[in-house]
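**Student:** coordinates for the following, if possible.
(chains A, B and C)
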Amino acid sequence: MSNAELTLTEDGIPLKQKLAKTTALQRRRAFLLTMPLVLFLVISFVIPIGQMLFSSVHNDKVSAVVPTFAEAIIQWDGEGLPSEATFEIFVKDLAKAKKVREVGRTVGNMATRINYEMPGSRSLFTSTARKAKKIEAPYKENLIKINKKWANPAIWLTMQRAARDITPAFYVAALDLRYDEEGNVVRADELYQIYLDNFIKTLGVSALITLICVILAYPVAYLLSVLPLRQSNLLMIMVLLPFWTSLLVRTTAWIAILQTEGVINDMLVFLGFISDDGRIQMIYNQTGTIISMVHILLPFMILPLYSVMKTIPPSYMRAALSMGAKPMYAYRKVYLPQTLPGLAAGTLLVFILAIGYYITPALVGGEDGLLISNLIAYHIQKSLNWSLGAALGTILLVVVLILYWLYNKLIGIDKLRFG
Amino acid sequence: MLKFIQEKRKAIIYLLVAAALVTLLSGTYKAAIGFLLVFGVPLYFMSKMPDYATTGERFTRYMFLVISSSILVFLITPVIIIIPLSFNAEPYFTFTEGMLNLDPDAFSTRWYMDILHNGMAAPQAIEGWWADMWENAQWVRAARNSFFIATVSTIIATSLGTLAALGLSRPEMPYRALITSLLISPMIVPLVITATGMFFFYSQVGLAKTYWGVILAHVTLGVPFVIITVTATLSGFDMSLVRAAQNMGANGWTTFRRIIMPLILPGMISGALFAFITSLDEVVAVLFIADVEQRTIPRQMFSGIREQISPTILSVASILVLMSVILLTVLELLRRRSERLRGMSPG
Amino acid sequence: MKKLINKTLMATAISAAVAAGSVQAEDITVVSWGGAYTKSQVEAYHKPWMAQTGNTVVSEDYSGGLAEIKAQVEAGNVTWNLVDVELSDAVRGCDEGILEVIDSSILPAGADGTPAADDFLPGTVHECAVGNIVWSTIVAYDGSKTSGVNSMADFFDTAKIPGKRGLRKGPKPNLEMALMADGVAPGDVYEVLSTDAGIDRAFAKLDSIRDSVVWWEAGAQPPQLLADGEVVMTTAYNGRIFNAVAAEGKPFEIMWDGQVWDLDLWVIPKGAKNMEATLDFIKFSTGTQALADQASWISYGPVRKSSAPLVSSYHNQPDLKMAPHMPTAPANFGGALQNDFEFWADNQDQLNERFNAWLSK
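**Tutor:** Coordinates of the predicted model:
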């Protein structure tokens, strides 16, 4: 028995016990301080995103519209056509659904859902639904009489797949795959492939932007770290002012500078490098996206690099040089390794921010400068295929979270500083 | 300045000779001005090198300065260039002949007036002009929305964020890494994803297309900045001060008010400024969640750039740049104050 | 860009007209496509209706599609009362239950006494929508700079007429036009387009001019592109081009061959407020006189037969007769194709996808 355990506090409780109690109390107090914000973020942020993730695999547009049929078709063995009884249920459900006008519960909603997987089938459902009330036994025969497409087993297979509320269908679409007539997952026709290419493009463009940022940020950060405080503060403004300036302001500025009637083209024409007809298209394409995004993200690279370089004592390099190392060798062996933490922080941060970028590509990206975020927004805001948008979003989110985890592992997010 | 000229006499002569050459070759003095700017400014920052440095070393170092200052110029030019452009008398996005010759007629404040006039019922009226402007001018309405939303979200984000930062900075904090990553994640998760999720969820609970929906979103996006800046301030915080206060009989609230608060105040304010500017600049969440009623300045700029880009946008942008300058100055003063308080640097 | 001031002034005028009465309680928000088209509606519908009822119409612009309506309805916070949509969107929105059903029996008889059911052109009144105009996508060019544009084939012939062309960013109605340029008769276009080979053929034709295309999104852009000389010719909404000629004196010409015409209809987002005032506005704005007045501001044809005889000349130019400028005028209607809403309802997701993939490659 050690002494510590015997030591008693004033009120007669062993010190260790008392200490544990106090620590527990302090732990709880610290924890409670963070709780309001944690709860707030759970409601405003975590639940919304969780729900979006859910909607990428959940779509009940078939089971909500024709519930009895959905149950029946799931039981079907997929051979030939479903039974007469299933056809009867389908016709009756369809007739019932035709009267519904509740948002998200109409035949049109179901038709749209199935049309995603079987393009061109939408009007088959809406037109049949209009006649459903009048269809009588034998249902199979009469339905096919109305439209011979009902004799195609593929449509029933598609409905069977869509009748399940939890579906991988939107990930199939998001990965440029599709279901063939027999229900196997195959690669989509090249002419319809867009998402994988765009993911690859987004990663490529982000990598390029990150690389340019590293190349541009390194000398600047170095310069800032070696200059006397008075001069470096002056130059720091040139980094911080853009950092603090609205994203839209900077994007606007680049439009003004880069457009065909803009400042740079005017200057080039004035200096005689290009003719008035030969103005260069530098914006509303991928080039414009890259230039503006490098400008916007550059401070995120300079600041972490600078804060690391500031702490490196110049005496190390001097020592290496005085011992006869060639400047390049000394730099590679002595200086560069010490800046790696800053380099890693900046690289990951810029890359993470770049792959999720939306506004700048949307404004200056033209046709070929659009990134994956723009496609997600397109499906949420224009095409209204929300589940596909959610599936694309989930894939992007997974990539970002892996990088975030890496960042935490390597650098620690609590080390992040601005200015 | 004189010392600078004396020190670098030889280099300055070289530079002037080179500039003269450029003038001769290009046939215009404007190119020489550009040349002098690009190669002259770095000279100012060129520190004195030891006497044993070779010409090669001097030249390398000088070129390094030229390159880094060009990069800095790349950073700052777009922000600065829109200011003179916004005074263009013509509806173009470039410097006209007149502007380059500093002809006063080539400059005008018409785009600034346009900010106010756009959307007004009777921009030329004298009576009721102010009320009309306040109520109807599109940009003014957007500005009012922006400032309202930014102010409310900043207050909420700063209070919740500071509280959480206090907890996170305590040595006893359990699951610190996990909770910190969670609280900072709104900054990392792509905005489109956040906005999409919020759009779905807020729609169901009746928050979409309302001020509160937008505020909630902006608090969420501002919180990471408050956490980062306040924990940064707290990281150098001497906990013995708190214990000393408590020893002397101060209760928790008094300790916070009298000891902690004054020390972390600079951090809180810069966090608040970050949250404020985040909200003021945010457009993706607004695009997804807000309605015309809640249209903010960036939203108005977004549709302006998309649909019909006009120099009015440049004037709005110039005003925003001015605001950033002010914010930056405040922030810098705060940083210095904080460092002085904590005795970290003479700055 | 150079015409900005005009546009800004116009926008100011419109919002001024709207804001003038913002004291009344009964507001309805009417959403349309902006520019000259919205102006024609403001002049012919909004202003007289406001004067008659004392209610206020707030006018808002959008660039088509159901997205915003759907977002408002799903959010349960519907701020729009009435929206001017294309036929395919009206039908699709109705199918999906995001539009209110409009009882067509409320529509008044024509000024000549014809009951509404007979007065409206066939297919212009739907379960959830009431038509107001016939409009068309045509090819326009600057007559002072370009000539020899006689057929859709010429539009796609960069050898015959070099230079940039403006096209709407989307598959509709570019695919139809491409097929017509490739020699498909208007009557067969959708039949051909229903096959994979037909779609390939249309995209191949688009591919042949791809490098010369400037894409536009809002209806106000094509006249601007022509005026700035950014394109030698462009597809455009016929009314916008007419207006640039009539109101601004631009030397633009319209090539009517291969025009693709469509309807614009009023729809009410589900759950919209002020239903009574909104329905009253529909009755008023689709009345014989209002439709005829509208046609004196822009060359879009009224959907009521009884309006046709009342359409005379441009509102401030008595010499400028409107009839020859309508898409439905016999001289213009020869090679016309009606947009097939069912085809697009069925295929738009797939074709948008392919179009986007094509565009980004």
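
**Student:** so where's the chain uncertain?
**Tutor:** Let's take chain A. In the prediction, chain A carries residues with pLDDT under 70 at positions A:1-6, A:417-419.

**Student:** please refer instead to chain B.
**Tutor:** Low-confidence segments of chain B, defined by pLDDT under 70, span residues B:1-4, B:27-30, B:45, B:47-50, B:307-309, B:341-347.

**Student:** just the closest residue of it to chain A, please.
**Tutor:** Closest residue of chain B to chain A, CB to the nearest CB: B:P190 (2.4 Å). Where C-beta positions appear, they are placed from N, C-alpha and C, glycine not excepted.

**Student:** give the contact list for that residue.
**Tutor:** A:I355, A:G356, A:Y357, A:Y358, A:S373, A:G393, A:L396, A:L397, A:V400 (CB atoms under 8 Å, 6 or more residues apart in numbering or on different chains).

**Student:** and those residues near chain B, which?
**Tutor:** A:I355, A:G356, A:Y357, A:Y358, A:S373, A:G393, A:L396, A:L397, A:V400 (CB under 8 Å from any CB of the partner chain).

**Student:** quick one: residues contacting the fifth one.
**Tutor:** By CB under 8 Å, 6+ apart, A:S373 lies in contact with A:T202, A:G356, A:Y357, A:Y358, A:P361, A:L396, B:P190, B:L191, B:V192.

**Student:** from A:L343, how far off is whichever residue of the stretch 201-350 of chain C sits closest to chain B?
**Tutor:** Closest to chain B within the stretch 201-350 of chain C is C:A218: 6.0 Å, counting by CB to the nearest CB. Distance of C:A218 to A:L343, computed by CB to CB, to the nearest Å: 44 Å.

**Student:** what do you get for A:L371?
**Tutor:** Distance, A:L371 to A:L343, using CB to CB: 24 Å.

**Student:** cool, A:D277 as well?
**Tutor:** Taking CB to CB, one finds A:D277 at 44 Å from A:L343.

**Student:** of the two, who's got more company?
**Tutor:** A:L343 (19 against 6; other CB atoms under 10 Å in any protein chain shown).

**Student:** grab the nearest non-local neighbour of that one.
**Tutor:** A:L305 (6.4 Å; CB to CB, 6 or more residues apart in numbering or on different chains).

**Student:** what number of residues lie near that neighbour?
**Tutor:** By other CB under 10 Å, 26 other residues sit near A:L305.

**Student:** where does it sit: helix, strand or coil?
**Tutor:** What DSSP: H, G, I helix; E, B strand; the rest coil gives for A:L305 is helix.

**Student:** isn't it up against A:L223?
**Tutor:** No: using CB atoms under 8 Å, A:L305 is not in contact with A:L223; the gap is 11.0 Å.

**Student:** ok, C:P324 touching C:A331?
**Tutor:** Yes: counting by CB under 8 Å, C:P324 does reach C:A331; the two are 6.7 Å apart.

**Student:** from A:T210, how far out is the residue nearest to A:L343?
**Tutor:** 13 Å.

**Student:** how about A:F243?
**Tutor:** As judged by CB to CB, A:F243 and A:T210 stand 17 Å apart.

**Student:** identify the residues contacting C:D119.
**Tutor:** Counting by CB under 8 Å, 6+ apart, C:D119 makes contact with C:A109, C:G110, C:T288, C:R304, C:K305, C:S306.

**Student:** and if we set it to 7 Å?
**Tutor:** Neighbour list for C:D119: C:A109, C:G110, C:R304, C:K305, C:S306 [criterion: CB atoms under 7 Å, 6 or more residues apart in numbering or on different chains].

**Student:** likewise A:R187?
**Tutor:** Neighbour list for A:R187: A:D176, A:L177 [criterion: CB under 7 Å, 6+ apart].

**Student:** what does the stretch 151-300 of chain C put close to chain B?
**Tutor:** For the stretch 151-300 of chain C, the contact set with chain B under CB under 7 Å from any CB of the partner chain comprises C:A218.

**Student:** for chain A, what's the nearest residue on the stretch 151-300 of chain C?
**Tutor:** Nearest residue of the stretch 151-300 of chain C to chain A: C:K270, at 6.3 Å (CB to the nearest CB).

**Student:** quick one: C:T328 and C:S136 touch, right?
**Tutor:** No: counting by CB atoms under 7 Å, C:T328 does not reach C:S136; the two are 8.5 Å apart.

**Student:** okay, the two: which has more neighbours?
**Tutor:** Neighbours per residue, other CB under 10 Å: of C:T328 and C:S136, the larger number sits with C:S136, 27 against 16.

**Student:** for whatever helix or strand the more buried one lives in, what is the average pLDDT?
**Tutor:** Here C:S136 sits within strand C:129-142, counting by DSSP states H and E. Averaging pLDDT along strand C:129-142 gives 95.

**Student:** with just CA atoms, put it into PDB.
**Tutor:** What follows is strand C:129-142, C-alpha atoms only, in PDB (Å, rounded to 0.1, in the frame of the first residue of the first chain):
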ATOM      1  CA  ALA C 129     -52.900  25.200 -67.000                       C
ATOM      2  CA  VAL C 130     -54.500  27.800 -69.100                       C
ATOM      3  CA  GLY C 131     -52.700  28.800 -72.200                       C
ATOM      4  CA  ASN C 132     -52.000  32.400 -73.100                       C
ATOM      5  CA  ILE C 133     -49.700  32.600 -76.100                       C
ATOM      6  CA  VAL C 134     -48.100  30.700 -79.000                       C
ATOM      7  CA  TRP C 135     -44.400  31.400 -79.300                       C
ATOM      8  CA  SER C 136     -41.700  29.900 -81.400                       C
ATOM      9  CA  THR C 137     -38.000  29.300 -81.500                       C
ATOM     10  CA  ILE C 138     -36.600  30.600 -84.700                       C
ATOM     11  CA  VAL C 139     -33.300  31.500 -86.300                       C
ATOM     12  CA  ALA C 140     -32.400  35.100 -86.400                       C
ATOM     13  CA  TYR C 141     -29.600  37.000 -87.900                       C
ATOM     14  CA  ASP C 142     -28.400  40.500 -88.500                       C
END
